[in-house]
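**Q** How does the following fold in three dimensions:
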Amino acid sequence: MQERHKNDALYFQELAQGINDYVIPYIESVKAIPKDSVVMEVGCGFGGNLYPFLERGHKVIGIDKNDYSIGFAKELFKDSKYIDKLTLLNEDFYKVDPGSIPKANIVVIRDALEHIVNREMFFERLKEFLADDAIIFNAFPPWRMPFGGHQQGCKSKLLSKMPWFHLLPCVIFDTILRVFGEDEKYIKGLRSEVRATKLSICKYKQLLKKVGFKIEKETWYLINPSYKIKFGLNPRVLPCIMRIPHICDFYTTTHYSVICR
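**A** Numbering: from 1, shown residues only. Model prediction:
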């Protein structure tokens, strides 16, 4: 387990820096973000992805059903000068009344889609929260990438640095985690979310077509932009010749896209 998985404040800062350095410029390469825009994130956690948008003067809405995450975010933001532009909802996204909050012009889904089991239902529900001109930024690690099983969160230093072992059969993967002392709650979380969904780039594109969204821009990264902040590695886009369907999932560390209806 890396320090960022134990230090909530550090994790918040890294998320905010990634949004400032990479995500906002990526979105603005497709469409300018007017100051009066409403920015929404589903599964906002501590709010690190939202903070840079607050600093820019945008109205921000964060939704998360995790009590601890929202509690941490509210405590962090309570004395902020931007508090009047911030709405944090500690609710299940599917139970939020779309009429109770402003329609979103920008939606951020960053390293979250791979945790959503019924993604078709999620996108159909999301449509109810979107303004007519809305665009969505999405970034996710393909299931087959070296750490697509989210094993980097393991307490074991060896397992947290072991690539691709999440591709082993489920019973073997679970056994390895137990042998190295990982707790049952963590194992269950990996199995019920990331392992159950196994999101690939091809599946993602098929999903978008099915739910009526189109891709305005997409980028395959050999080296995730977040790795600059985490490990000091410069981002590197995957060369076109290496974008082989299905195969590229094994070495694409993240896929960025901006989509709209």
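**Q** quick one, strands of the protein?
**A** Assigned by DSSP state E, the chain shows strands spanning 38-42, 59-63, 86-89, 104-110, 130-140, 214-223, 236-237, 254-260.
**Q** Tell me how far stretch 51-60 lies from the chain's centre.
**A** Using Cα atoms, centre = their mean, to the nearest Å, the distance from the centre of stretch 51-60 to the centre of the chain it belongs to is 18 Å.
**Q** if we can go back for a sec, okay, the strands of the chain in JSON lines with distance to I229, mean pLDDT and mean neighbour count next?
**A** Placement of C-beta: from N, CA and C, glycine included. Formatted as JSON lines, the strands of the chain follow (distance: least, Cβ to Cβ, whole Å; pLDDT from 0 to 100; neighbours: other Cβ atoms under 10 Å):
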{"stretch": "strand 38-42", "distance to I229": "19", "mean pLDDT": "97", "mean neighbour count": "25"}
{"stretch": "strand 59-63", "distance to I229": "21", "mean pLDDT": "97", "mean neighbour count": "24"}
{"stretch": "strand 86-89", "distance to I229": "24", "mean pLDDT": "95", "mean neighbour count": "18"}
{"stretch": "strand 104-110", "distance to I229": "13", "mean pLDDT": "98", "mean neighbour count": "23"}
{"stretch": "strand 130-140", "distance to I229": "14", "mean pLDDT": "97", "mean neighbour count": "19"}
{"stretch": "strand 214-223", "distance to I229": "12", "mean pLDDT": "98", "mean neighbour count": "16"}
{"stretch": "strand 236-237", "distance to I229": "15", "mean pLDDT": "98", "mean neighbour count": "13"}
{"stretch": "strand 254-260", "distance to I229": "13", "mean pLDDT": "98", "mean neighbour count": "21"}
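**Q** Distance of the nearest residue to V23 once chain neighbours are set aside relative to L208?
**A** Residue nearest to V23 in three dimensions, not counting chain neighbours: F137, with 6.1 Å by Cβ to Cβ, 6 or more residues apart in numbering. For F137, the distance to L208 equals 13 Å [Cβ to Cβ, to the nearest Å].
**Q** Double-check the residue nearest to V23 against V108; I have them as touching.
**A** Yes. If you go by Cβ atoms under 8 Å, F137 and V108 touch, sitting 5.3 Å apart.
**Q** who touches both of the two?
**A** Residues touching both F137 and V108 (Cβ atoms under 8 Å, 6 or more residues apart in numbering): V23.
**Q** now the helix-or-strand element of the chain with minimal mean pLDDT, how far from the centre of its chain.
**A** Across the helices and strands of the chain, mean confidence by mean pLDDT, DSSP states H and E is lowest for helix 195-197: a mean of 85. Relative to the mean C-alpha coordinate of its chain, helix 195-197 is positioned 15 Å out (Cα atoms, centre = their mean).
**Q** cool, and stretch 24-43?
**A** 15 Å.
**Q** Would you mind measuring the gap between the ends of it?
**A** Start-to-end span of stretch 24-43 (Cα to Cα, to the nearest Å) is 18 Å.
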